[in-house]
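> Give the three-dimensional model of this entry:
(one chain, ligands or ions: 1)
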Amino acid sequence: MANPGTPDNPLRVAVIGSGPAAFYATVDLLKDGGPEARVDMFDRLPTPFGLVRAGVAPDHPKIKNVIKIYEKAAANPNFRFFGNVTVGSDISHADLARSYHAVIYGVGAQTDRHMGIPGEDLPGSHPATAFVAWYNAHPDFADEQFNLDVERAVIIGNGNVAMDVARMLSVSREQISKTDVADHAIEPLTSSSLKEVLVVGRRGPAQAAFTNPELLELPELTVADVHVDPAEAALDELSQRQLDEGLLDKTRRRNVEILQEYAAAASSGRDKRISLRFLLSPEEIRGNGRVEEIVLARNELYRDGDGQIRARETGEHETVPCGLVLRSIGYRGVPIEGVPFDEWKGTIPNDRGMVLNTESQEHIPGLYAVGWIKRGPSGVIGTNKRDAQETVAILLDELAEGRLPEPEEPNRDALDALIAERVPDLVTYAGWQAIDAAEVAAGEPQGRPRVKFATWDGLVGASRG
Ligand code: NAP
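Numbers count the residues shown, from 1 in each chain. Purely as a prediction, here's the structure:
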């Protein structure tokens, strides 16, 4: 049979996930001038856009404008959205492989990494991923409880998620109430008794993973003073040498400058304080039935055999009283039944997006990955554009070379019937548009971009218009 990609025999692709990587892959697949293609996108949530909806901080509305690109792709008549469908339980990977020439996984990294220290599971110690999902109205997290009636919160990690979380713990009602933050989060976030948010990095200022705008906006978008201890802002010998020899990238050089400016600045006497601490690793969380304090081990930096600058303990410790610990040390992918998974990396094993058989290391024809489940949880939204382009270019090469498998089911009907049978609450793109319209309408009288539905029932109900 001739290669698919013609009006009579279109290329049929299932894209699993609906975040940036999944949508950029869709944009590329449906591009004018390419093969005739049909894209069916599946998401376990009734809503599309992944972390743009459930991860990007509410006080960063401009970042969410990227959705316009995805909406344009979704308006293509060759695109369909199957929301509220879980691949792995409602339908299996095998069901998809029977119906599509290619399946692209863009499911992101849906869980978090653990610190592996005693006390990590005490009440009051949470993954930052759960806190982010809660204030963004992810329906799995509507009932989560975070006790913010504590004087000090400690955030472990020095990435942009740690910055988002530090800001959200330090906002005023005025700052947050005009955003699309979950309704249920406004009161707890703005009437908490928090006096200090401590952000703890295990390495130094020159190794922090956050980026310059996120560091600069800490005092702008919050009601907190930003405090850095001058002794911790000063670079250790190894980092200073890197800086002097021009070996630090621009972002890190600027981070160091900003942190040293914060260290030199006088307090402006605000009620709250965000303290950025360095060279400290979490060692133990203690408390009688709930978090009461965290033990931090003082680190020094050394260069390992691969030339990487790493942290090691010096033997000194400090104990910090706190009532809340949020670990913000990275997201992690979760396996999907029937799809290879690398437990060590938390990703789908792949070569430039071509999914590999774990044993033979050979590419499984027709199976691809994009985004965080392909490369791990790194980069900004735009990183996923190049990432998806790489995968789709290979997919289209394989199509041209006749290397895509011919699916057993020659048309959409069998899969559509299966979904109709197994997912009575299917949410189509029109269903999402009904949710969107209802949320935007609810936000309008309050001067907010939207008021998000925060429960499964609310979302599914709204999808029916
Ligand atoms: P991240 O940037 O990888 O940062 C993780 C942090 O956790 C690092 O500082 C890391 O330190 C630290 N860490 C890891 N394991 C640790 C341990 N066992 N103990 C103590 N610290 C540990 O991850 P992220 O903040 O979750 O962000 C994920 C991605 O999303 C990033 O690419 C980020 O830029 C992006 N993002 C962007 C925005 C934005 O553009 N505004 C917002 C949110 C997220 P080491 O460096 O020492 O390993």
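> ok, the residue in the stretch 251-400 of the chain positioned nearest to the ligand - contacts?
The ligand sits closest to residue 329 of the stretch 251-400 of the chain, with a gap of 3.6 Å, by C-beta to the nearest ligand atom. (Glycine included, C-beta is placed from N, CA and C.) With contact taken as C-beta atoms under 8 Å, 6 or more residues apart in numbering, residue 329 is in contact with 112, 113, 115, 156, 157, 159.
> One more pass at 10 Å, please.
Contact partners of residue 329, counting by C-beta atoms under 10 Å, 6 or more residues apart in numbering, are 112-115, 127-128, 155-159, 161-162, 202, 282.
> Tell me which helix or strand residue 41 sits in.
Secondary structure from DSSP states H and E places residue 41 in strand 37-43.
> The next helix or strand along the chain from that strand and the ligand in contact?
As assigned by DSSP H and E, the chain's next helix or strand after strand 37-43 is helix 50-54. No. Among the residues of helix 50-54, none lie within reach of the ligand under C-beta under 6 Å from any ligand atom; the closest is 8.1 Å away.
> looking just at contacts, which helices and strands does helix 50-54 meet?
If you count contacts as 3 or more C-beta pairs under 10 Å, 6 or more residues apart in numbering; DSSP states H and E, helix 50-54 packs onto helix 20-29, helix 67-74, helix 128-135.
> how about the longest one, does it reach the ligand?
This points to helix 20-29. No. Legend: contact between helix 20-29 and the ligand by C-beta under 6 Å from any ligand atom is lacking; minimum distance shown is 11.0 Å.
> Need the CA coordinates for that helix. CSV is fine.
This file holds the C-alpha atoms of helix 20-29, laid out as CSV (Å, rounded to 0.1, in the frame of the first residue of the first chain):
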residue,chain,number,x,y,z
PRO,A,20,3.2,22.7,25.1
ALA,A,21,5.2,19.8,23.7
ALA,A,22,2.1,17.9,22.6
PHE,A,23,0.7,21.0,21.0
TYR,A,24,3.9,22.0,19.2
ALA,A,25,4.0,18.4,17.8
THR,A,26,0.4,18.9,16.6
VAL,A,27,1.3,22.3,15.0
ASP,A,28,4.1,20.6,13.0
LEU,A,29,2.0,17.6,12.0
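> From the chain's centroid, how far away is it?
If you compare the mean C-alpha spot of helix 20-29 with that of the full chain, they lie 17 Å apart, counting by C-alpha atoms, centre = their mean, to the nearest Å.
> Can you say which of the helices and strands packed on helix 50-54 is packed in most?
Using mean count of other C-beta atoms under 10 Å, the stretch among those with the greatest mean number of neighbours is helix 20-29 (a mean of 28).
> Make sure residue 266 is indeed in a strand.
No. Under DSSP: H, G, I helix; E, B strand; the rest coil, residue 266 falls outside any strand and is assigned coil.
> State the number of residues packed around it.
For residue 266, the number of neighbouring residues by other C-beta atoms under 10 Å comes to 6.
> tell me which parts of the stretch 151-300 of the chain are close to the ligand?
With the criterion set to C-beta under 6 Å from any ligand atom, the stretch 151-300 of the chain comes near the ligand through 156-162, 164, 201-203, 207, 209, 214, 281.
> Return the closest of the residues you listed with respect to the ligand.
Checking those against the ligand with C-beta to the nearest ligand atom, the nearest one is residue 159 at 2.2 Å.
> which residue sits closest to the closest one in space, ignoring its chain neighbours?
Using C-beta to C-beta, 6 or more residues apart in numbering and skipping residues adjacent in sequence, the residue nearest residue 159 is residue 209, 4.2 Å away.
> Mind picking out the helix or strand in the chain with the poorest mean pLDDT?
Confidence across the helices and strands of the chain bottoms out at strand 111-112, with a mean of 93, counting by mean pLDDT, DSSP states H and E.
> is it true that residue 91 touches residue 82?
Yes. Using C-beta atoms under 10 Å, residue 91 is in contact with residue 82, at 8.9 Å.
> Pull up the overlap in contacts between these two.
Common contact partners of residue 91 and residue 82 (C-beta under 10 Å, 6+ apart): 14, 42, 415, 419, 423.
> ok, back up a step: compare residue 91 and residue 82 and say which is more crowded by neighbours.
residue 82 (23 against 20).
> Give me the distance between that one and residue 423.
Here residue 82 is placed at a distance of 8 Å from residue 423 (C-beta to C-beta, to the nearest Å).
> okay, and the common contacts of these two?
The contact lists of residue 82 and residue 423 share 42, 90, 91, where a contact means C-beta under 10 Å, 6+ apart.
> and the last one, what pLDDT?
Confidence per residue is given as pLDDT, and for residue 91 that number is 97.
> who's in contact with it?
Each residue near residue 91 by C-beta under 10 Å, 6+ apart is listed here: 14, 42, 82, 85, 99, 415, 418, 419, 422, 423.
> Going by distance to residue 338, which of those residues wins?
Using C-beta to C-beta, residue 14 comes nearest to residue 338 of the contacts of residue 91, at 13.0 Å.
> So in terms of bridging, what pairs with that closest one?
Residue 14 forms beta bridges with residue 40, residue 103, as assigned by DSSP bridges.
> thinking it is in contact with residue 102, fair?
Yes. The pair residue 14 and residue 102 passes the contact test of C-beta under 10 Å, sitting 7.5 Å apart.
> Am I right that residue 355 is in a strand?
Yes. Judged by three-state DSSP, residue 355 forms part of a strand.
> partner residues bridging it?
When bridges are assigned using DSSP bridges, the partners listed for residue 355 are residue 350.
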